[in-house]
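Asks: My questions concern the predicted model and sequence given below.
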Amino acid sequence: MAIARNIVNIAIAAAEKEGAKRITKVNVVAGELRGIIPAQLIFCFGLMAENTIASGAYLDLEITPVMGKCRKCDEPFMVKDYRYVCPKCQGEDIQTLSGTELRVKDIEVE
Amino acid sequence: MKINVMTDILEANDRIAVDNSKVFDKHRNLVLNLMSSPGAGKTTLLEKTGEALKGKLRLGVIAGDIETTRDAERLRKYKLPVVQLTTGSACHLDANMITYALPHIDLKKIDILVIENVGNLVCPAEFKLGEDYKIMMLSVTEGDEKPLKYPLMFRESSLLLINKIDLLKYTNFNLKEAKANARRVNPDLDIIDISCTTGEGIPDWTSWLNQRYQKKFGTKARA
């Protein structure tokens, strides 16, 4: 719910800065590790947007996979099922490259 | 028309968390964000910890609860400095709530400040509060698959306390499996088995606290 509220606030602030009258679409990028449940977030977003210029806006969620990089051999790879093990050298010291992001990418306005 | 935004959704919270951590550093507080499911034993752990640290390090608590001040009342019996935050309907604490709590607790009299988050394995992991470390508590009456169901929380934590270890023989909790699952999500995770009832593992937990305190502030006693 707090995340949905923040999304609405960020979108409205960006739209007002550009003098837009209505927000039609909000594009959000969420990393898989964030554990966002799309249906739930979209529902909360709809509630939070009511009676604002974002009312009725479409929320598009792009879920990005977890990518890691081995600190031992520099191999980048996709982390599946939270298995933080390098497929090349079996190293376990993995830097998370992506999968934790949570941001409003852009919005579409009228 | 498309407008580029690229704003982090939790940026406002993270900024406030940084401000909080500056206040904690100034007062020489080691700050821990303690997270678990409801009923895992967070408040009992704090009761035991206050006793175990007596005369060594001074414990203080910010307790988050959806309703009631029962946790704070329990801890006050142990003469610990406690401030209770009731979150209303919110399922987690955020940095702003901590900022509001700060004037109500004397940080100068605290070495280790534990922020007892609302019992929940999802949302608390998202919101930084200004802590040095996140700590997770899992009890053996829950499931050993929890790390895979709630990976972010285990990934973000530095220490996992497996509580109610004295009840292990009455449950189908697979301790080995639980640890393997937790390490799969976070290979750097420290894990300590404890029982707040029998006291097992409590010395390991307090020595972990000691180590982290010394790592942050050096071995010198505070002025």
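Replies: Structure received. All values derive from a computational prediction rather than experimental measurement.
Asks: And the host helix or strand of B:Arg184, what's buried?
Replies: Taking DSSP states H and E as the criterion, the element that holds B:Arg184 is helix B:175-185. Within helix B:175-185, the residues scored as buried using 16 or more other CB atoms under 10 Å in any protein chain shown are B:Ala178, B:Lys179, B:Asn181, B:Ala182, B:Arg183, B:Arg184, B:Val185. C-beta here means a position set from N, CA and C on the backbone, and glycine is covered the same way.
Asks: From chain B, how far out is the residue sitting furthest away from the middle of chain A?
Replies: For chain A, the C-alpha lying farthest from the average C-alpha position belongs to A:Cys89; by CA atoms, centre = their mean, that distance is 30.7 Å. With the distance defined as CB to the nearest CB, to the nearest Å, A:Cys89 ends up 14 Å from chain B.
Asks: confidence score at the nearest residue to that residue once chain neighbours are set aside?
Replies: Sequence neighbours aside, A:Cys73 is the residue nearest to A:Cys89 in space, at 4.5 Å (criterion: CB to CB, 6 or more residues apart in numbering or on different chains). For A:Cys73, the model assigns a pLDDT of 94.
Asks: circling back to that earlier point, which outside residues touch the helix holding B:Arg184?
Replies: Counting contacts by CB atoms under 8 Å, 6 or more residues apart in numbering or on different chains, the residues outside helix B:175-185 that touch it are A:82-84, B:138, B:140, B:144-148, B:151, B:154-155, B:160, B:162, B:165, B:168, B:189, B:191, B:193.
Asks: Mind checking if the helix or strand following that helix is in reach of chain A?
Replies: Tracing the chain past helix B:175-185, the next element assigned as helix or strand by DSSP H and E is strand B:190-193. No. Where contact is defined by CB under 8 Å from any CB of the partner chain, no part of strand B:190-193 touches chain A; the two come within 14.7 Å at best.
Asks: Next, the buried residues of the helix or strand bottoming out on mean pLDDT in chain B.
Replies: Within chain B, judged by mean pLDDT, DSSP states H and E, the helix or strand with the poorest mean is helix B:70-76; its value is a mean of 83. Residues of helix B:70-76 classed as buried under the neighbour-count rule (16+ other CB under 10 Å) are B:Asp71, B:Ala72, B:Arg74, B:Leu75.
Asks: ok so, going back, tell me if the residue farthest from the centre of chain A really is in a strand.
Replies: No. Checked against DSSP: H, G, I helix; E, B strand; the rest coil, A:Cys89 lies outside a strand; its state is coil.
Asks: Local confidence estimate at it?
Replies: The pLDDT attached to A:Cys89 in the predicted structure is 94.
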